[in-house]
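> Predicted model and sequence follow; I will ask about them next.
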Amino acid sequence: MVRDLNRFKHQQGFREIRARQDALTRFSDPATLLAFQSGAGEEFLARNEVLRALCHEAKSEASSGDTSLLMALLALWPGMDAIYGRLLRHFKTDPDELAAEIAARVVDGIRTIDLDKVTKIAATILMNAERDIRRKLSGEWLAAGSRLDLTDDMPAPSHSSVFGFAPDMGDADADTARLRLRLEPLVGQDADLLLGVAVLGHTQQAAAISLGVAPEAGRKRHQRAVQKLRKYLDG
């Protein structure tokens, strides 16, 4: 994608964007803009305004919209790469699917973000993309768990696991679905909160939001679920 920016179309597109957006006038070419966006300095507000300008242009019907979208994607690339690293274990059989899923979610986020209401542009786009992918995973695990329940192919309890599923089964998604089936009789629907924190690596707040639960309510429900689980284990 970086090489694509050197094409005449995108060089011309950048000049058009820069002429319309005050936040971009300081940059002589796309390379200097992207270098600034990837910097580790304290100019967060300036970088945020640059990304806001790119998103605004990407949402427009101007001929330079493709250039703006490409530059916004490149500016968000480090965050997209971080999401890829966090979720890769759940896509070990098809990592390309994960890369495509992240790109599609981020592109949609760029094109649909409400710039009048959102303050932190990068964080909002990236967090929404990761949340939606995790939510999709949760739905697939729930469906897989239901199928496992219907086909009654749950492995026999193993002494190496409190919940009775073998840790060496080799399929992380199937293991998670099985674990959910073990947790649900103990903590009900809050099994998803526990899995979100313990397996997916969410914070309690992020796990709650991904399930459509208010953060404070999610925190309390997670605490109660943990207490129930501890009581079961101690009993």
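Structure received. Residues are numbered from 1 along each chain as shown.
> ok, Ser138 - contacts?
The contact partners of Ser138, by C-beta atoms under 8 Å, 6 or more residues apart in numbering, come to Asp192, Leu195, Gly196, Ser210, Leu211. For every residue, glycine as well, the C-beta is placed using N, CA and C.
> can you tell me the helix or strand for it?
Applying DSSP states H and E as the criterion places Ser138 in helix 121-151.
> Quick check: which ranges of this structure have low pLDDT?
Within the chain, the stretches with pLDDT under 70 are 1-9, 40-42, 63, 141-177, 200-201, 210, 212, 235.
> just the helices in it please.
Counting by DSSP state H, residue ranges of the helices within the chain are 8-20, 30-37, 44-59, 65-75, 77-87, 95-112, 121-151, 172-187, 191-198, 204-210, 215-234.
> The last one - contacts with which helices or strands?
Translated: helix 215-234. Other helices and strands packing on helix 215-234, by 3 or more C-beta pairs under 8 Å, 6 or more residues apart in numbering; DSSP states H and E, are helix 172-187, helix 191-198, helix 204-210.
> Where does the record place the domain boundaries for this structure?
According to automatic domain parsing, the chain comprises the domains 3-125, 136-234.
> Now for the residue positioned nearest the centre of the chain: which residues touch it?
Centroid check for the chain by C-alpha atoms, centre = their mean gives Glu130 as the closest residue, at 0.9 Å. In this structure, Glu130 makes contact with Ile83, Arg86, Leu87, judged by C-beta under 8 Å, 6+ apart.
> quick one: which of those residues is nearest Ser68?
Comparing the contacts of Glu130 against Ser68 with C-beta to C-beta places Ile83 closest, at 21.6 Å.
> Give me the distance between the nearest residue to Ser68 once chain neighbours are set aside and Asp132.
Leaving aside its chain neighbours, Ser68 sits nearest to Glu57 (3.6 Å; criterion: C-beta to C-beta, 6 or more residues apart in numbering). With the distance defined as C-beta to C-beta, to the nearest Å, Glu57 ends up 24 Å from Asp132.
> Look at these two and report which has more neighbours.
Here Glu57 and Asp132 are compared on neighbour count by other C-beta atoms under 10 Å; more neighbours surround Glu57, at 25 against 16.
> quick one: that one and Phe14 touch, right?
No: no contact is recorded between Glu57 and Phe14 when judged using C-beta atoms under 8 Å, the distance being 10.0 Å.
> Overlap of the contact sets of these two?
Taking C-beta under 8 Å, 6+ apart as the contact rule, Glu57 and Phe14 both touch Ser64, Thr67.
> Now Ile113. Its backbone dihedrals?
In terms of degrees, to the nearest 10, the main-chain angles of Ile113 are phi -60, psi 140.
> go on, the one 4 residues further on?
When quoted as degrees, to the nearest 10, the phi and psi of Lys117 stand at phi -110, psi -30.
> Relative to Lys228, how far out is it?
Using C-beta to C-beta, one gets 38 Å for the distance from Lys117 to Lys228.
> Quick check on these two: which one has the bigger neighbour count.
Legend: neighbour count by other C-beta under 10 Å for Lys117 and Lys228, higher for Lys228 (16 against 7).
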